[in-house]
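Q: Let me see the structure of the following:
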Amino acid sequence: MQRRSVTHFTLAASLLLAASGTLAQTKWDLPAAYPATNFHTENLTQFAKEIDTATGGKLKITVHANASLFKAPEIKRAVQSGQAQIGEILLANFANESPIYALDGVPFLATGYGDARKLYDASRPAMDKLLAAQGLKMLYAVAWPPQGIFSKREVTSVADLRGIKWRAYSPATAKIAELIGAQPVQIQQAELSQAMATGVIESYMSSVSTGYDTKTYESIKNYYDTQAWLPKNAVLVNLKSFNALDAATQSAVTKAAADAQERGWKTSQEKTEEYKRLLTGKGMTIHKPSAKLMTDMQQVGALMLTDWQKASGAEGAAIIADYNKLRAKK
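A: I've put the predicted structure just below:
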C-alpha cells in the first residue's frame, strides 16, 4: 500500500514537472512580408533558431514568411496590439505616422552602406523613443541593397517616366511618382509579380534583391542603378511581451538581435553584386544611369529632404547634425 502511494506521488510529481515545463515555454509568432528565400527572411529564421538554442527551447519563434500571417502594412499594428508578439516591417511604409519613419525613404541622403549605417546610428535614439511611446521595441534593423529604377521603357531622364504606371509601396515612393509625373499604383511585394505580368505597373524603384525575388526580369528588362537610398527592415517586438520575459531570456534575445543585425548588413552588401549577376543572367540589362537622369532624380531627393526637414523640426535637425558628424569622422 505504501509502495503504491509512493508510486502515485512520483507519477504526480512527474506530471507536475512536465506541466511546469510546458507552461514555462513561450511561443511567439513573427510575421514577415518577404519570401522565405529572401536574405532578410533567412536572417530572421537564423535569429529565431539562435534564440531557441540560447534559451534551451524556452522561447520559440515561428517565422511566417511572404505575408502569410499579415500583409506588410498590417504587421506593425498586429505587433502593437499583441496579435503577434514580434514582426518585421519596412520602416518607410509608416512614414505617414512620423517623420522619423519617413527618413528611411529620402532619396540621395545616404546612398551607400557606410552612410546608410551612419544615418541609422544617428536616427536610432529618436526611433527608440518613438517606438517606446507606441508600445514597441526595436530589436534590430538591416538595410536593403541600394534602390534603383526598374522600367519597361528605356530611361535617359525623368521625362521618360512621365505617365508611366509606377509601383508605390510606401509614402516615399508615392511622393517620387508625384514629383516625376508618373501614375502611382499601390502594390506590396507579395502582389508585385502578378501586377507586372498583367500590366498593372510598368516601373518601380526598389533593390536588385526585390527584382530577383519577384522575377521582375520576366516582365521588365531594364534596371537603372541609381543607388538612391537604402531602406531598412526593422524587427519590432511588443514591449509588454518583451518585458514579460525573464532577464536571461531577454539577454538571449538582445544578443541574437545584435548578431542578426551585423550578419544582415554584411549579407545585404555581399548579395548586391550577386543579385545583379543573377538578373543579368535572366536577360535584364543593368544600366549605368545617364548624367541627366541622376541630376533629375537628385533634384527629387533634394525636394523630399526639404519637406522632411520642415516636417521633422528640431528633432530632425538634430538627427541630420549627428549624421553629418558621423560622416565627417574618418
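Q: From here on, just use CA atoms for contacts and neighbour counts.
A: Fine.
Q: Quick check: mean pLDDT of stretch 181-198?
A: On average, the pLDDT along stretch 181-198 is 94.
Q: just use 11 as the starting number from now, easier for me
A: Yep, numbering from 11; the last one is stretch 191-208 now.
Q: Which residues does that stretch contact?
A: The set of residues external to stretch 191-208 that reach it, using CA atoms under 8 Å, 6 or more residues apart in numbering, is 43-44, 76-77, 82, 171-179, 184, 187-188, 210-212, 220, 224-226, 228-230.
Q: mind checking how far it is from the chain centre?
A: The chain centroid and the centroid of stretch 191-208 are separated by 18 Å under CA atoms, centre = their mean, to the nearest Å.
Q: before we move on, what about stretch 295-307?
A: So, by CA atoms, centre = their mean, the centroid of stretch 295-307 is 26 Å from its chain's centroid.
Q: which of the residues in that stretch are buried?
A: Of the residues in stretch 295-307, those scored as buried under the neighbour-count criterion (16 or more other CA atoms under 10 Å) are 295, 296, 299, 303, 304, 306, 307.
Q: Which strands and helices lie in contact with the helix or strand hosting the fifth one?
A: Secondary-structure element containing residue 304, defined by DSSP states H and E: helix 301-338. In this structure, helix 301-338 packs against helix 109-112, helix 123-143, helix 181-190, with contacts taken as 3 or more CA pairs under 8 Å, 6 or more residues apart in numbering; DSSP states H and E.
Q: Are any of the contacts of stretch 191-208 buried, and if so which?
A: Under a neighbour-count criterion of 16+ other CA under 10 Å, the subset of those counted as buried comprises 43-44, 76-77, 82, 171-172, 174-179, 184, 187, 211-212, 220, 224-226, 229-230.
Q: Show only the entries of the residues you listed found in helices.
A: Counted as lying in helices by DSSP state H, out of those, are 184, 187, 220.
Q: quick one: secondary structure of residue 73?
A: Look at residue 73: counting by DSSP: H, G, I helix; E, B strand; the rest coil, its state is strand.
Q: how close does it get to residue 52?
A: The spacing between residue 73 and residue 52, counted by CA to CA, to the nearest Å, is 10 Å.
Q: Pick out whichever of those two has more residues nearby.
A: For the pair residue 73 and residue 52, the greater number of neighbours falls to residue 73 (23 against 17), based on other CA atoms under 10 Å.
Q: what is that one paired to in the beta sheet?
A: Under DSSP bridges, the beta-bridge partners of residue 73 are residue 40.
Q: Quick check: it touching residue 55?
A: Yes - because the distance of 6.5 Å satisfies CA atoms under 8 Å, residue 73 is recorded as touching residue 55.
Q: ok, residue 36 - contacts?
A: Residue 36 sits in contact with 68, 69, 70, where contact means CA under 8 Å, 6+ apart.
Q: May I ask which of those residues has the most neighbours?
A: Ranked by neighbour count (other CA under 10 Å), the contacts of residue 36 have residue 69 at the top, with 22 neighbours.
Q: next one: the helix or strand in which residue 87 is found to chain centre, how far?
A: Counting by DSSP H and E, the secondary-structure element that holds residue 87 is helix 85-91. Average the C-alpha atoms of helix 85-91, do the same for its chain, and the two points are 15 Å apart (CA atoms, centre = their mean).
Q: Identify each buried residue in that helix, please.
A: By neighbour count, and taking 16+ other CA under 10 Å as the criterion, the buried residues in helix 85-91 are 85, 86, 88, 89, 90.
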